[in-house]
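1. Structure here, sequence nowhere to be found:
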């Protein structure tokens, strides 16, 4: 993409002006913007996965939320935003790779705002995780594994109970579909 290089040799991409990492954005987003961004994120992953693309390494620092300069600010003051994925590790593949990538993204979403994530994600994921090709048990193991891995981390730790609650809520909704 077009870049600007300053007098110190630092490269800037103007289309990323105002970009925030996913977790930064979610922490201050309105409830409506929070839901819209999670919906867009899941739809984006679904589209990529349905076309055989697995981004790999999906953590908040590799998912940017950028003001969309092509769209006008809404009357309610909402600034339209777009997702920009960076730093791809396209070598992720094999059985349950989609489930791993979705679990990885959602773990960080939960850590960014636990209360709102637990309210929104089960409904958003009920259908996604109910398809015959989706391995819910692998997805659950990956989410639980993230919680165990980050157990003592200051920013991403202590999420075991939240992940268990999320999985139980999703599983309950899956059964009803």
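-> Now that the structure is in, tell me what you want to look at. Please read these numbers as outputs of a predicted model, since none were measured by experiment.
2. now stretch 165-177, how far from the chain's geometric center?
-> Mean C-alpha position of stretch 165-177 versus that of the full chain (CA atoms, centre = their mean, to the nearest Å) differs by 19 Å.
3. got the buried residues for that stretch?
-> Residues 166-167, 169-170, 173-174 are the ones in stretch 165-177 that count as buried (16 or more other CB atoms under 10 Å). (Each C-beta comes from the backbone N, C-alpha and C, glycine too.)
4. need the contact list for residue 170.
-> Contact analysis of residue 170 by CB atoms under 8 Å, 6 or more residues apart in numbering lists 121-122, 125-126, 129, 136.
5. which SS state does the most centrally placed residue in the chain fall under?
-> Closest to where the C-alpha atoms of the chain average out (CA atoms, centre = their mean) is residue 105, at 4.1 Å. Three-state assignment for residue 105 (DSSP: H, G, I helix; E, B strand; the rest coil): helix.
6. Assign residue 154 to helix, strand or coil.
-> coil.
7. same check, this time on residue 66
-> Following three-state DSSP, we place residue 66 in the strand state.
8. give me phi/psi at the residue nearest to it when sequence neighbours are not counted?
-> Closest residue to residue 66 apart from its sequence neighbours, by CB to CB, 6 or more residues apart in numbering: residue 19 at 4.6 Å. Backbone torsions of residue 19, given as degrees, to the nearest 10, read phi -70, psi 150.
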